[in-house]
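*Asks:* heads up, no residue letters with this:
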């Protein structure tokens, strides 16, 4: 009798562990986002004090044109990782649009709005429905763990040398004067 109970318990544990992992993809679970308070916007973006992190990643734009962040040295790079199914991601997009509008003619900054699920049609529909005109990219290979550790939305800002200047995990209001000043300071360096 005890052997049967142990066997059932072992099977239950194995089933639970198998259900919690997904070895076929590296995608972020939609359930992980459910715990994020949609109305909470953090007060300050995390300044990383120019940590010595100089990794790079490759992306493709909607037309299939490649971009490698290693080739963007000399420019500030604003990268937002998001997914169409993520409510906090969707909620922060208007603030990213406002920031983008302030800097879109500045040749010293590049915006990469990276939809991590490759949901091209969903992305087009979302942008059209929200009247957004952001530069959308899709991952072309692995995203560095230093940039995207498992939560979305996540935004990283690289300085002109390619070092991580700031990182924000979770929803944030990027339309503030403090963010604009932070980016302008990076551009001026």
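*Replies:* That came in fine, so what should we check first? Computed from a prediction, not measured in an experiment: that's the story for all the values here. Numbering: from 1, shown residues only.

*Asks:* Report the central residue of this protein.
*Replies:* Centroid-nearest residue in the chain, with CA atoms, centre = their mean: residue 81, separated by 1.7 Å.

*Asks:* low-scoring stretches of this structure, by residue?
*Replies:* Scanning the chain for pLDDT under 70 picks out 1-54.

*Asks:* try it again with 50
*Replies:* Regions of the chain meeting the criterion pLDDT under 50 cover residues 2-44, 50-51.

*Asks:* any idea how far residue 165 is from residue 74?
*Replies:* According to CB to CB, to the nearest Å, residue 165 and residue 74 sit 14 Å apart. C-beta: built from backbone N, CA, C; applies to glycine.

*Asks:* The two - which one has more neighbours?
*Replies:* Set residue 165 next to residue 74 and count neighbours by other CB atoms under 10 Å: residue 165 wins out with 26 against 10.

*Asks:* any idea which helix or strand carries the more buried one?
*Replies:* In this assignment (DSSP states H and E), residue 165 forms part of strand 164-169.

*Asks:* Run the chain-centre distance for that strand.
*Replies:* Relative to the centre of its chain, strand 164-169 is centred 10 Å away, using CA atoms, centre = their mean, to the nearest Å.

*Asks:* Starting from it, tell me which strands it pairs with and how they run.
*Replies:* Using DSSP bridges, the strands paired with strand 164-169 in its sheet are strand 46-47 (antiparallel), strand 154-158 (antiparallel).

*Asks:* among these, which is the most enclosed?
*Replies:* Mean neighbour count (mean count of other CB atoms under 10 Å) peaks for strand 154-158 among these, with a mean of 25.
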